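*Asks:* Give me the fold of what follows.
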Amino acid sequence: MKHLVASLVLIILPFSNMLTGQEKDILLTIDGHQISKREFLRIYDKNQQNLHSGETTDVGEYLDLFINFKLKVIEARNMGLDTLPSVKRELDKYKDQLAKPYLIDQETLDQMLREAYERSQREVKASHIVIKIPRPTAYKDTLHAHRKIKSIRKRIIKKNEDFSAVARATSDDPSVKTNGGNLGYFTALQMLYPLENKAYSMDVSKISRPFRTRQGYHLLKKTGERQARGKIKVAHIMLVAPPSMSEEKRKEKKETINSLYHRLKQGEPFEELAKKYSEDKSSARKGGELPWFNVGRMVPSFEKAAFALDEKGEYTKPVKTAIGYHIIKLLDRRELGSFEEEKKELKKKITNSPRYGITQDSLIAQLKKDYHFNQQIQNFHRLYRYVDYKNQAVKWDRLKADQDKAPLFTLEDQTYHTADYLEFLKELPSDLDGKFRGQYLLDTAYSRFVDHKIIEYEKSRLPEKYPEYKYILKEYHDGILLFEIMDRKVWAEASRDTAGLRQYYKNHRQEYMWGERFRGKIYLADNSQILEQVKKMKKGGLFRKKYDDQEVLEEINSENEKKLEIKKGIFLKGDNPIIDLNAWNIGSKDQIKEKRPYMVKGEIIPPQPKAFEEARGTVLADYQNHLEKEWLAQLRDQYTVEVNEEVLNEIKKNH
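*Replies:* Numbering: from 1, shown residues only. The predicted structure is shown next:
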């Protein structure tokens, strides 16, 4: 609700420190708070058009709404609502969200977008060997992994051993036993960024030097490169048959998929067979349809068969993968679009990937220069005395007892001390806590601490660096205050005040009227003979029983066959076309979609007041408006509102 209210707020509080105009530029003064012509026009020009009617709101009318909003927010601040923990939490959450675009290096992001687009026009094929670094990690673990990968490269380069054979013998990649380290063809944004960089910068047949990713140390052999094959959309029928399945069961699955293929050849619809038989339930509901994909997204055997299809509607013979058996149908194919066409999707992928952190790293490097980052690293190194190098551990009790307040680094006029770093260590980020050891932990955490404080410092400077950011943040802040005070003074109050609500209803009862209504029933029969039977049963006679509705239904319907339906209730005009035509002669038979024979019984109810419970929702809304008007009248009496008529007339003249 708070998000909704804040997004709908069309006006914001004054920014007196930003407004340098003279007295003649002040449009409005409320209890000493000055609002400039510039501030009012910024909001009015953006929101003067009524969202519902499309008409332009008159300046005077909009100013009145503007004043009402200002009065509410000023009152909220005077009540101290801006100090509530819930308000602060909500604002902090929004600050983080709003600040994100300002806390990256846009130039770096633009370069990464262009790079990803250019790379996506080619596909590369490579094999790799990875030596993972054990967790929790100490420097010796990293050194051990690096030495091991270097010795593996030496075997391949100097002893001329086969790359795939060495990969099977040494790589920590769990899939190496089946693929020999072969990654197949892939394109941009599908691999870890360092691996992608290496693959696109190498020549075919070359073997890289060791390089590191968050997985560990790698060797990469580039085995191919080609033009991108674009994206395809396919549907599939899949029967699950993993390697762990018994041979007998696997044979049954194979026979079933062959049978389905034969039925397709006989002309049965692919979509219907997929819905009925495919064991990929998420796609089966859509006739087997899968999302668009390009090279590197599917298992190699599936991908190879799918991309081999040429014509839309063409389908493969049964294809075996590690998952099971598939029949794949080509639905559509498309080439890579222009940079502008692909930019949005590329940005989304980069933003949701670990490589997005590079844009913040680049910003941090620049901020260190801008804010004259000066580090006294020797004071940090003094903390190494709390490292147990023998066991690669940190002596936490002694470290946390340290009262050292030595400076670690400065940013402009801000100094950060050892005590600040020790406070940071009390709540380690989850990706550090328990996963690093000894000096490696202290160094990694310190680097994270420095980055965190630089970003924190930059966030505190955003309002003065970016006026638009300050305006939007202030708007959201006032939206939260508006919600809080409206809830206290109007919404919650109206809901609590049951006596006042009922009295308001009693005083305005004639405003909550039902229009003309019809109370009755519609009898819907499968055919005219049944309808005639119903008429006779309802009418009765001298020697015939007169049946009630329940008896009619029991007589005509059976457990397995329902030949008669009765709809009963109170109907307003427009609720039901059959009632409209028969009760009020509104519409025509052509507008009635119901094709079964019918009979209508009932009576028209004249207009009458709604009962309290029937009108409760509308009464509550009206009572809230009533309370708000009374409250605003009090605020107008409580606060002094002065309008500079000269400035207002100038605005009216130009708008």
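
*Asks:* C-alpha only now, for contacts and for neighbours.
*Replies:* OK.

*Asks:* Alpha carbons only: can I get the helix or strand containing Thr223 in CSV?
*Replies:* Applying DSSP states H and E as the criterion places Thr223 in strand 216-227. These are the backbone C-alpha positions of strand 216-227, laid out as CSV (Å, rounded to 0.1, in the frame of the first residue of the first chain):
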residue,chain,number,x,y,z
GLY,A,216,38.9,-22.0,-9.2
TYR,A,217,41.8,-22.1,-11.7
HIS,A,218,41.2,-23.1,-15.3
LEU,A,219,43.0,-24.1,-18.5
LEU,A,220,41.1,-23.5,-21.7
LYS,A,221,41.6,-25.0,-25.2
LYS,A,222,39.8,-23.3,-28.0
THR,A,223,38.6,-25.8,-30.5
GLY,A,224,36.3,-23.8,-32.8
GLU,A,225,34.6,-20.6,-33.8
ARG,A,226,31.7,-19.8,-36.2
GLN,A,227,29.0,-17.2,-37.0
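
*Asks:* Give me the residues contacting it.
*Replies:* Contact with strand 216-227 is made by 121-133, 145-146, 149, 153, 163, 185, 195, 198-199, 202-212, as judged by C-alpha atoms under 8 Å, 6 or more residues apart in numbering.

*Asks:* List the contacts of Leu336.
*Replies:* Leu336 neighbours (C-alpha under 8 Å, 6+ apart): Gln121, Gly230, Lys231, Glu342.

*Asks:* Kindly confirm my reading that it is in a strand.
*Replies:* No: Leu336 sits outside any strand when classified using DSSP: H, G, I helix; E, B strand; the rest coil, being coil.

*Asks:* Can you tell me how far it is from Leu273?
*Replies:* Going from Leu336 to Leu273 by C-alpha to C-alpha, to the nearest Å gives 32 Å.

*Asks:* Can you show me the helices along the stretch 301-450 of the chain?
*Replies:* Remark: helices assigned in the stretch 301-450 of the chain by DSSP state H, counting those that start in this stretch are 339-351, 357-370, 377-381, 396-400, 418-425, 438-465.

*Asks:* Just checking the distance from the first one to the centre of its chain.
*Replies:* With C-alpha atoms, centre = their mean, to the nearest Å as the basis, helix 339-351 stands 17 Å off its chain's centre.

*Asks:* repeat for the second one
*Replies:* Distance of helix 357-370 from its chain centroid, counting by C-alpha atoms, centre = their mean, is 27 Å.

*Asks:* which other residues reach that helix?
*Replies:* Contacts for helix 357-370 (C-alpha under 8 Å, 6+ apart): Leu103, Ile104, Asp105, Gln106, Thr108, Leu109, Phe373, Leu411, Asp451, Ile454, Ile455, Glu458.

*Asks:* any chance of those residues in a markdown table, plus distance to Asp332 and neighbour count?
*Replies:* Converted to a markdown table, the contacts of helix 357-370 look like this (distance: C-alpha to C-alpha, whole Å; neighbours: other C-alpha atoms under 10 Å):
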| residue | distance to Asp332 | neighbour count |
| --- | --- | --- |
| Leu103 | 40 | 20 |
| Ile104 | 37 | 20 |
| Asp105 | 38 | 18 |
| Gln106 | 35 | 15 |
| Thr108 | 35 | 17 |
| Leu109 | 31 | 20 |
| Phe373 | 54 | 16 |
| Leu411 | 55 | 19 |
| Asp451 | 46 | 17 |
| Ile454 | 48 | 21 |
| Ile455 | 45 | 18 |
| Glu458 | 47 | 18 |
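
*Asks:* and the two most separated of these?
*Replies:* Greatest spatial distance among these (C-alpha to C-alpha): Leu109 and Leu411, at 25.0 Å.

*Asks:* quick one: low-confidence ranges for the protein?
*Replies:* 1-24, 50-54 (pLDDT under 70).

*Asks:* Now intersect the contacts of Leu336 with the helices, please.
*Replies:* Members of the contacts of Leu336 lying in helices (criterion: DSSP state H): Glu342.

*Asks:* Only whichever of the contacts of Leu336 are buried, select them in ChimeraX.
*Replies:* To isolate the buried members of these in ChimeraX, using 16 or more other C-alpha atoms under 10 Å:
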select :121,230
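
*Asks:* Distance check, the nearest residue to Leu346 once chain neighbours are set aside against Val124.
*Replies:* Once flanking residues are discounted, Leu346 sits nearest to Leu113: 6.5 Å by C-alpha to C-alpha, 6 or more residues apart in numbering. Note on Leu113: its distance to Val124, by C-alpha to C-alpha, is 19 Å.

*Asks:* Looking at these two, which one has more neighbours?
*Replies:* Remark: of Leu113 and Val124, Val124 carries more neighbours, 25 against 21, as counted by other C-alpha atoms under 10 Å.

*Asks:* contacting residues for the more buried one?
*Replies:* Contacts of Val124 (C-alpha under 8 Å, 6+ apart): Tyr185, Phe186, Thr187, Ala199, Tyr200, Lys222, Thr223, Gly224, Glu225, Arg226.

*Asks:* Distance check, the fifth one against Lys348.
*Replies:* Right, Tyr200. Counting by C-alpha to C-alpha, the gap from Tyr200 to Lys348 is 22 Å.

*Asks:* who has more neighbours, these two?
*Replies:* It is Tyr200, of Tyr200 and Lys348, that has more neighbours when counted by other C-alpha under 10 Å, with 18 against 10.

*Asks:* ok, and that one, which helix or strand is that part of?
*Replies:* Counting by DSSP H and E, Tyr200 is part of helix 193-201.

*Asks:* what does the very next helix or strand once past that helix rub up against?
*Replies:* Remark: after helix 193-201, the chain's next helix or strand is strand 211-212, criterion DSSP H and E. With contact meaning C-alpha under 8 Å, 6+ apart, strand 211-212 is reached by Pro194, Tyr217, His218, Leu219.

*Asks:* Also stretch 389-400?
*Replies:* Residues contacting stretch 389-400 (C-alpha under 8 Å, 6+ apart): Ala138, Leu383, Tyr386, Val387, Asp388, Leu422, Arg437, Gly438, Gln439.

*Asks:* Tell me the buried residues in it?
*Replies:* Within stretch 389-400, the residues that qualify as buried are Gln392, Ala393, Val394, Leu399, counting by 16+ other C-alpha under 10 Å.
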